[in-house]
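Novice: just coords:
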């Protein structure tokens, strides 16, 4: 089996990919819906959102491919797609020597048609692909290719939103860590109390520093 080319700057690409924390994450309905839309748009039975790792593919979303969550990167359609940097289409993989021995072509689901487009961030880094696959050979129309690119943009918008939320939470956690460290460093007892809503309820201590705990 031929090995797919590695995109230039692969080390930087993997570093950028790590910032999005996508590999091995649970399914999310929004991505499943976008994978279904890609399959429907292309008239294909399978739609995938694939994250391209160092030596493997992780299917962040997979429609029409039950029980499969990933594949080897070497010799894959998706690795070739990110290396090319634009929409990549294979009308009949059986007659293409680059993919004839691919496990998904030689065995189930017996892929013949593949169309994928890179998922590229604002810095021009390809994180993976949005693709459609089918056991019947075919060729996309210009409208379908444009639609696939538009869906890829929607996937990247979701990736970016997810990354920003993760970054914001990380900053909040770091500030809380620093605040906690500062309060633990003081010799004065410090507590943070949640005030009760009703007159009969008691206030609840949600944080107490080391000095306060030692005083009890």
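Specialist: Nice, I can see it. Since the model is a prediction, treat every value here as computed from it, not as a measurement.
Novice: where does this protein have low pLDDT?
Specialist: 1-8, 167-187, 190, 194-201, 203, 206-207, 212, 216 (pLDDT under 70).
Novice: one more time with 90, if that's ok
Specialist: Within the chain, the stretches with pLDDT under 90 are 1-9, 26-27, 65-68, 85, 100-103, 107-108, 162-216.
Novice: mind jotting down where the helices sit in it?
Specialist: In the chain, the helices defined using DSSP state H lie at 10-20, 29-42, 77-84, 103-106, 142-185, 210-215.
Novice: winner for burial among those?
Specialist: Compared across these, helix 77-84 shows the largest average neighbour count, a mean of 23 (mean count of other C-beta atoms under 10 Å). For the C-beta atoms, the positions are set from N, CA and C on the backbone; glycine is no exception.
Novice: got a list of contacts for that helix?
Specialist: 4-7, 50, 52, 57, 73, 87-88, 90, 93, 98-99, 102, 111, 114, 116-118, 126, 128-129, 131, 133 (C-beta atoms under 8 Å, 6 or more residues apart in numbering).
Novice: of those residues, which count as buried by neighbour count?
Specialist: Using 16 or more other C-beta atoms under 10 Å as the burial test, those include 4, 7, 50, 52, 57, 73, 87-88, 90, 93, 98-99, 102, 111, 114, 116-118, 126, 128-129, 131, 133 as buried.
Novice: quick check: residue 25 vs residue 152, distance?
Specialist: Distance, residue 25 to residue 152, using C-beta to C-beta, to the nearest Å: 19 Å.
Novice: now swap in residue 78 and tell me
Specialist: Residue 78 is 13 Å from residue 152, by C-beta to C-beta.
Novice: same check on residue 166?
Specialist: With C-beta to C-beta as the criterion, residue 166 and residue 152 are 21 Å apart.
Novice: over to residue 16?
Specialist: From residue 16 to residue 152 the distance is 17 Å (C-beta to C-beta).
Novice: over to residue 48?
Specialist: Residue 48 is 12 Å from residue 152, where distance means C-beta to C-beta.
Novice: residues shared between the contacts of the two?
Specialist: residue 130.
Novice: to residue 191, which of the helices of the chain lies closest?
Specialist: Nearest of these to residue 191, taken as C-beta to C-beta: helix 210-215 at 5.5 Å.
Novice: helices or strands up against that closest one?
Specialist: The contact analysis (3 or more C-beta pairs under 8 Å, 6 or more residues apart in numbering; DSSP states H and E) places helix 210-215 against no helix or strand.
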